[in-house]
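Engineer: my questions concern the predicted model and sequence given below.
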Amino acid sequence: MTNKDDNYESFNIDDFYKKYLNGPQLFKKREALEPSFVPHELPHRDKEIEQIASRTACALRGDVPSHFLIYGKTGTGKTATVRFVSEKLAQYSEKIKPWWIYINCSIVSTPYRILAHIYNTIVGSEQIPPTGLPKDVIFKKLLGLLDYKIKNSLCFLVLDEIDLITDTKQGNEILYDLTRLNENLDNCRTCLIGISNKLKFKENLDPRVVSSLGNEHITFSGYNAKELGDILESRAKIAFQEGVINEGVIRLCAALAAEEHGDARKALQLLRKAGEIAERSHNKYVSNEHVRKAQEELERDHIIDYIKGMPLQAQLVLTSIYLISKFPKERIIVSGDIYEVHKELANLIPGVSTLTRRRISDYINELHSAEIITAEKKSLGYYGRTKVIKLNIDKKLLETIFMEVNKIKDLLNYKPILIQKNKVRISDSTFRRLG
């Protein structure tokens with residue numbers, strides 16, 4: 001029997017680890033290049049630090065700050081800046097230090113789990129199970145815990161990617177409940193800080209929630225190449241051994257990340273990846289060549305990671321496009337089709353709500369921006385102009401990704417009604433039968 005690839009050399013893990021341990025050690029503190037790392041200084045964020053500090057300073061005197069929102073594209077330092085300010089606020093809180101509870105809404109996305117996460121974080125262990133209790137029971141338990149455990153102190157609730165829970169009625173309700181917590185507390189007081197990548201996400205909110213959240217907001221702009229270079233320089237001093245980064249490496253990483261709307265996460269990820277490639281290759285220095293290789297690897301994995309990291313509703317929109325494109329070949333896909341198929345899929349998954357046409361359109365635009373699909377306005381002759389969608393990635397790759405998503409894998413062979421009838425939706429009341 002011959003190997004599938006006669007040129008392939010078998011991998012010896014023992015030799016690999018021995019060589020790695022005997023090779024050059026380029027990193028000093030690798031985690032300094034993680035987005036979650038909070039350094040002692042945040043270059044080019046003085047204005048934003050001042051704005052957040054100004055809104056939270058009254059907590060030092062026992063007063064309750066107003067709720068506020070923070071906007072900005074991915075990688076503009078929103079979460080890091082909030083964490084930086086929270087650490088400084090704790091230093092100057094002489095009597096009672098405030099609590100800070102962070103909720104990543106891309107992971108903790110349902111009202112039940114949000115309340116359970118807050119409760120369990122305060123307790124320090126998983127007292128509330130992931131499912132099983134009525135929401136109103138958890139809410140009452142949380143109110144009691146806030147007064148008993150946090151007492152006369154202040155609890156900041158930071159909802160990162162808050163826009164991901166605004167699609168549904170339940171999402172609006174939990175935001176309303178969290179913004180009105182103080183009305184039901186005797187001792188503890190809370191302040192909600194929402195962080196979002198979308199400037200217009202409040203348009204999806206119930207007017208009551210908008211009123212409770214208030215109008216205070218802070219906007220983070222993207223970094224330019226010079227600013228990204230300064231950030232990388234300061235992090236590299238912490239992360240790497242002295243003298244291991246070749247001249248031009250920082251500048252190249254900054255320039256490549258500046259093309260991605262000034263994304264500091266991209267810059268940090270690129271520099272770390274380049275360092276890891278150099279270290280695995282037993283090189284003593286990180287070079288521009290390592291940066292280029294790192295960029296190739298990150299771009300190859302970007303689409304997979306992006307799709308896996310999307311919220312379920314966005315994944316369902318993409319699944320709808322996949323299903324429409326899967327069955328009839330060379331079919332025209334329009335946004336009305338996607339709305340109809342998404343509605344069918346949402347009804348097949350317990351607890352998933354249908355979305356408005358506007359929200360579907362938002363997700364289509366996001367997928368287009370990520371270059372996973374193309375969405376262009378085109379004329380269909382007698383039927384007028386409409387948005388025509390095409391899938392940009394291989395269907396087999398997409399199927400492989402979605403086979404790992406439990407709520408979607410069983411839908412991959414579903415045949416939508418529009419496909420069964422062989423029609424394309426042009427508008428709410430107009431269909432055209434395909435030839």
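Structural biologist: That came in fine, so what should we check first?
Engineer: Leu418 touches Asp337, doesn't it?
Structural biologist: Yes - contact criterion C-beta atoms under 8 Å: Leu418 and Asp337 qualify, at 5.7 Å. (Each C-beta comes from the backbone N, C-alpha and C, glycine too.)
Engineer: residues in contact with Gly262?
Structural biologist: For Gly262, the contact set (C-beta atoms under 8 Å, 6 or more residues apart in numbering) comprises 73, 75-76, 221-224, 227-228.
Engineer: the strand or helix carrying Ile218: partners in the sheet, and parallel or antiparallel?
Structural biologist: Per DSSP states H and E, Ile218 falls inside strand 217-219. Strand 217-219 has its sheet partners listed here by DSSP bridges as strand 68-71 (parallel).
Engineer: quick one: mean pLDDT for the strand it pairs with?
Structural biologist: Mean pLDDT, computed over strand 68-71, is 94.
Engineer: mind putting the contacts of Gly262 into a markdown table with distance to Asn215?
Structural biologist: Formatted as a markdown table, the contacts of Gly262 follow (distance: C-beta to C-beta, whole Å):
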| residue | distance to Asn215 |
| --- | --- |
| Lys73 | 21 |
| Gly75 | 26 |
| Thr76 | 21 |
| Ser221 | 20 |
| Gly222 | 24 |
| Tyr223 | 27 |
| Asn224 | 29 |
| Glu227 | 29 |
| Leu228 | 31 |
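Engineer: so which of those is surrounded by the most neighbours?
Structural biologist: Leu228 (29 neighbours; other C-beta atoms under 10 Å).
Engineer: returning to what we had before: give the next helix or strand downstream of the strand holding Ile218.
Structural biologist: Next element after strand 217-219 (DSSP H and E): helix 225-239.
Engineer: list the helices and strands the next helix or strand after that next one packs on?
Structural biologist: From helix 225-239 onward toward the C-terminus, using DSSP H and E, the following helix or strand is helix 249-258. When contacts are defined as 3 or more C-beta pairs under 8 Å, 6 or more residues apart in numbering; DSSP states H and E, helix 249-258 packs onto helix 225-239, helix 264-280, helix 288-309.
Engineer: export those to a markdown table and tack on mean pLDDT and distance to Ala258?
Structural biologist: As requested, these are arranged in a markdown table below (pLDDT from 0 to 100; distance: least, C-beta to C-beta, whole Å):
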| stretch | mean pLDDT | distance to Ala258 |
| --- | --- | --- |
| helix 225-239 | 95 | 4 |
| helix 264-280 | 94 | 8 |
| helix 288-309 | 87 | 13 |
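Engineer: counting neighbours, what do you get for the closest residue to Asn104 other than its chain neighbours?
Structural biologist: In space, Asn104 comes closest to Asp160 once its chain neighbours are excluded; the distance is 4.9 Å by C-beta to C-beta, 6 or more residues apart in numbering. As a burial measure, Asp160 scores 21 neighbours (other C-beta under 10 Å).
Engineer: one more: Ile174?
Structural biologist: For Ile174, the count of nearby residues is 21 (other C-beta under 10 Å).
Engineer: mind checking the SS state of it?
Structural biologist: At Ile174 the chain is in helix, as set by DSSP: H, G, I helix; E, B strand; the rest coil.
Engineer: and it, how far from Thr166?
Structural biologist: For Ile174, the distance to Thr166 equals 10 Å [C-beta to C-beta, to the nearest Å].
Engineer: please apply the same query to Asp14.
Structural biologist: 52 Å.
Engineer: check Ile393 too.
Structural biologist: On the measure of C-beta to C-beta, Ile393 and Thr166 end up 28 Å apart.
Engineer: so what would you say the end-to-end distance of stretch 70-85 is?
Structural biologist: Across stretch 70-85, the terminal residues are separated by 14 Å (C-alpha to C-alpha, to the nearest Å).
Engineer: what of stretch 372-387?
Structural biologist: Length of stretch 372-387, first residue to last, C-alpha to C-alpha: 16 Å.
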